[in-house]
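>>> Task: produce atomic coordinates for the following.
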Amino acid sequence: MDRIIELFSYIESAYVINFKVPRIKGFPKKTAPAPDSISLVESKCQKPRNNLRVFNNRPEVKQDFAVCKGLDFLHEDLSVRLIGWNELLKILGVKKIFLYEMEIHSNISKVLHYYQNQGIVESTPITLPGDQPNLPGFRHLYLKDKLTAKRQNESIPYNDCLYRNLYSYSYLALLDIDEVMPIQHNNWSQLMDVEEHESLKEKNYSRASYNVRNAYFLDELGVGAQQMKHTGHEPGIPTYLHMLQYVYRSRNYTKPGQYVKCFFELLILLMII
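Residues are numbered from 1 along each chain as shown. Got it, this is the predicted structure:
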């Protein structure tokens, strides 16, 4: 299998293309409608061979928070952990969880179906671009072996999640299902109210993102005889609720700039774009 995987040792790259939409005669500049679709060509006046739909979602009411995450869990049944993560995000104020699905365990599919019916989850099946493998099972092995390729491919669904929701949410967060932003308040809205106020006191300009440093909540703490194993010692919390049982963390945070996660403020990103 290693020899086969080496055939795909090159790395595909994702690109973000910016361009101005031509003005339509008869419409004022600020009220001109967005196009329904566009075509991309390599040179001016070249005959187009593609037609790409334009998503211009602009709801009347903007929600506070959304989360984006890619899923590739072919053999791992993380369905119960996914339930705990979804429920915790709902408590913190997340209105929508956008999941990009490659290969997942059948029990995870059942969980996604349940939350999709509730309206809290939107799941989108995706494939790898170019000549990268998309055969079931083989794609999973390829991404597991080629970590750099995995990271670069992740930029595609995450950019999709960002641009689709520029007008729909105030903040977007990219999280794994074993991660959650730190909080000393009842929800993320209260947290960000404080952070925005404090950041403006430090320097009086708006931020495009708020970075959060990482601390580990460990399954086991201590060494040797002093080691403490988590076996459901939090009274009143079911042992299968993994994230609610593991409430002890390492003292130190990771170094600044390493393993950070962010709240992206979409209004500021929209002004930059």
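>>> mind listing the helices for the protein?
Under the criterion DSSP state H, the chain contains helices at 2-5, 79-92, 106-118, 138-145, 147-164, 188-202, 242-245, 266-272.
>>> Quick check: buried residues in the second one?
It stands for helix 79-92. For helix 79-92, the buried set under the neighbour-count rule, 16 or more other Cβ atoms under 10 Å, comprises 79, 81, 82, 83, 84, 85, 86, 89, 92. (Each C-beta comes from the backbone N, C-alpha and C, glycine too.)
>>> Let me see the mean pLDDT of that helix.
Along helix 79-92, the predicted local confidence has a mean pLDDT of 93.
>>> would you put the C-alpha positions of that helix in PDB?
Once side chains and other backbone atoms are set aside, the C-alpha atoms of helix 79-92 remain, and they are given as PDB (Å, rounded to 0.1, in the frame of the first residue of the first chain):
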ATOM      1  CA  SER A  79     -21.200   9.000  17.500                       C
ATOM      2  CA  VAL A  80     -21.700   9.500  21.300                       C
ATOM      3  CA  ARG A  81     -18.800  12.000  21.500                       C
ATOM      4  CA  LEU A  82     -20.300  13.900  18.600                       C
ATOM      5  CA  ILE A  83     -23.700  14.100  20.400                       C
ATOM      6  CA  GLY A  84     -22.000  15.600  23.500                       C
ATOM      7  CA  TRP A  85     -20.100  18.100  21.400                       C
ATOM      8  CA  ASN A  86     -23.200  19.100  19.500                       C
ATOM      9  CA  GLU A  87     -25.200  19.600  22.700                       C
ATOM     10  CA  LEU A  88     -22.500  21.600  24.300                       C
ATOM     11  CA  LEU A  89     -22.200  23.900  21.300                       C
ATOM     12  CA  LYS A  90     -25.900  24.500  21.400                       C
ATOM     13  CA  ILE A  91     -25.700  25.400  25.100                       C
ATOM     14  CA  LEU A  92     -22.900  27.900  24.300                       C
END
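>>> what helices or strands is it leaning on?
For helix 79-92, the helices and strands in contact under the criterion 3 or more Cβ pairs under 8 Å, 6 or more residues apart in numbering; DSSP states H and E are helix 106-118, helix 242-245.
>>> so of those, which one's packed in deepest?
Stretch with highest mean neighbour count among the helices and strands packed on helix 79-92: helix 242-245 (a mean of 17; mean count of other Cβ atoms under 10 Å).
>>> Can you show me the CA trace of that helix as PDB?
As requested, the backbone C-alpha atoms of helix 242-245 are provided in PDB (Å, rounded to 0.1, in the frame of the first residue of the first chain):
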ATOM      1  CA  HIS A 242     -16.600  12.200  27.600                       C
ATOM      2  CA  MET A 243     -16.300  16.000  27.400                       C
ATOM      3  CA  LEU A 244     -18.200  16.600  30.600                       C
ATOM      4  CA  GLN A 245     -16.300  14.000  32.500                       C
END
